[in-house]
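J.: no sequence on this one, just coordinates:
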């Protein structure tokens with residue numbers, strides 16, 4: 001399952017940049033083992049140091065609808081409209097509006113919000129509707145360790161840029177020592 005526009009955030013302090021959270025936006029892929037895709041790979045690249053420092057245990061916040069105006073309140077309003085105009089449809093059914101999210105993901109978010117997918121919209125309680133709105137615009141998942149292969153696909157660190165003659169990719173400290181770009185600390 002893929003979603004083309006997702007906003008991701010890791011509320012971890014990155015000591016190199018002094019940022020309190022690391023954010024990224026773009027395509028996300030939901031796989032059988034977790035999340036992947038360009039936005040998540042960029043997030044993990046920019047957050048590699050902070051993730052390492054947290055021992056790969058951190059909350060990951062996802063906004064599945066980043067283009068929706070007014071965040072949570074906007075999502076509540078949209079869901080109230082869906083409830084009003086689709087009262088006889090099942091909340092997780094095959095004909096219910098999904099805000100352009102893949103139907104399987106929509107159904108999972110409905111279930112994660114405590115709503116039986118067969119429940120008609122007219123019967124969805126306000127507290128459940130608000131929980132669904134929260135899961136649409138501020139879904140919190142837990143990062144728990146590295147991937148199933150215990151490998152990292154991104155790295156951080158390397159040779160400080162101020163120690164390299166960038167025109168020749170040569171060390172400023174050791175004459176005749178040259179570096180490949182992959183060895184440079186482009187993250188700071």
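T.: Noted; the coordinates are in hand. Keep in mind it's a predicted model, so treat the numbers as computed, not measured.

J.: now residue 49. Its backbone dihedrals?
T.: The phi/psi pair for residue 49 (degrees, to the nearest 10) reads phi -70, psi -40.

J.: count the neighbours of it for me.
T.: By the measure other C-beta atoms under 10 Å, the count of residues near residue 49 is 19. Glycine gets a C-beta too; all of them are placed from N, C-alpha and C.

J.: check residue 73 too.
T.: Burial measure for residue 73: 12 neighbouring residues, criterion other C-beta under 10 Å.

J.: what secondary structure does it sit in?
T.: helix (DSSP: H, G, I helix; E, B strand; the rest coil).

J.: then the one 3 residues further on?
T.: Using three-state DSSP, the structure places residue 76 in helix.

J.: look up how far residue 134 lies from it.
T.: With distances taken as C-beta to C-beta, to the nearest Å, residue 76 is found 9 Å from residue 134.

J.: neighbour count for the two, which is higher?
T.: Neighbours per residue, other C-beta under 10 Å: of residue 76 and residue 134, the larger number sits with residue 76, 19 against 16.

J.: residue contacts, that one?
T.: Residue 76 makes contact with 129-130, 133, according to C-beta atoms under 8 Å, 6 or more residues apart in numbering.

J.: ok, and the most crowded of these?
T.: Going by other C-beta under 10 Å, residue 133 tops those with 23 neighbours.

J.: how close does that one get to residue 83?
T.: Summarising the geometry, the distance separating residue 133 from residue 83, computed by C-beta to C-beta, is 11 Å.

J.: shaky segments in the protein?
T.: Along the chain, the model assigns pLDDT under 70 to residues 13-19, 147-156, 187-188.

J.: let me know the secondary structure of the residue of it positioned farthest from its centre.
T.: Note on the chain: the largest separation between a C-alpha and the mean C-alpha position, by C-alpha atoms, centre = their mean, falls on residue 175 (43.6 Å). Put simply, residue 175 is coil when judged by three-state DSSP.

J.: leaving out the residues flanking it, which one is nearest to residue 133?
T.: In space, residue 133 comes closest to residue 75 once its chain neighbours are excluded; the distance is 3.8 Å by C-beta to C-beta, 6 or more residues apart in numbering.

J.: enumerate every residue touching that neighbour.
T.: Listed by C-beta under 8 Å, 6+ apart, the contact set of residue 75 reads 65, 68, 132-134, 136-137.

J.: for those, which single residue is the most surrounded?
T.: Counting by other C-beta under 10 Å, residue 136 has the largest number of neighbours within those, with 25 neighbours.

J.: ok, it - contacts?
T.: Contacts of residue 136 were listed using C-beta under 8 Å, 6+ apart, and they are 63-65, 68, 75, 99, 109.

J.: nothing else from me, thank you.
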